[in-house]
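Asks: Show me the folded form of this:
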Amino acid sequence: LKSIVSALNELAKEATIVFPLHPRTKAYLKSNNMVLNATLIDPVGYFDMLQLLSHSKMVMTDSGGLQKEAYFFGKYCITLRDQTEWVELVEEGANTIAGAEQDSILAAYHSGKNKVLSLNPALYGDGHAAALIAKELYSSI
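Replies: Next up is the predicted model:
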């Protein structure tokens, strides 16, 4: 966590960081005299997270779900863990596995801060699955 906080504090010198912070993490930071130079907010629900995501430049997360949501919003994602279940996003260049080391996080940020993503329909479809399923179900009645 110290390495992640150090990386975020370095990045906060050039970017605004909004961090929904879990109460246990907040308590840990406080008990270990760690200061995070970010806009710290309480954890948010799904729809508020989507709102934050839609207005973000990029995402840094350890959440598997948020990695994929970032892609659907066309946001570059830096994963703060050593692996991901969404390897196709890494292969697509939409996600970088940075782990928790400061140098890796900073390198991932600097290589992706100006990246423009375009959605690849081959990854998850073109958004018309529900209509095709409904059509198929209706035709079988």
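Asks: Let me see the contact set for C77.
Replies: Contact partners of C77, counting by C-beta atoms under 8 Å, 6 or more residues apart in numbering, are 58-61, 66-67, 70-71, 89, 94-96. Yep, even glycine has a C-beta here, placed from its N, CA and C like the rest.
Asks: Turn the residues you listed into CSV, including distance to D42.
Replies: Shown next, in CSV, are the contacts of C77 (distance: C-beta to C-beta, whole Å):
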residue, distance to D42
M58, 22
V59, 18
M60, 18
T61, 17
L66, 17
Q67, 22
A70, 21
Y71, 26
L89, 28
A94, 28
N95, 26
T96, 28
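Asks: any idea how far the residue most central in space within the chain is from K135?
Replies: Geometric centre of the chain, nearest residue: V59, 3.6 Å, by C-alpha atoms, centre = their mean. Distance, V59 to K135, using C-beta to C-beta, to the nearest Å: 35 Å.
Asks: The residue nearest to the centre of the chain pairs with what?
Replies: In this entry, V59 is beta-bridged to C77, by DSSP bridges.
Asks: How much space separates it from Y109?
Replies: Applying C-beta to C-beta to V59 and Y109 gives a distance of 11 Å.
Asks: Phi and psi next, for the closest residue in space to S111 that isn't next to it in sequence.
Replies: Ranked by C-beta to C-beta, 6 or more residues apart in numbering and with sequence neighbours excluded, the top spatial neighbour of S111 is T96, at 7.3 Å. The phi/psi pair for T96 (degrees, to the nearest 10) reads phi -120, psi 130.
Asks: From what I see, T96 and V90 are in contact.
Replies: Yes - under the criterion of C-beta atoms under 8 Å, T96 makes contact with V90 at 7.0 Å.
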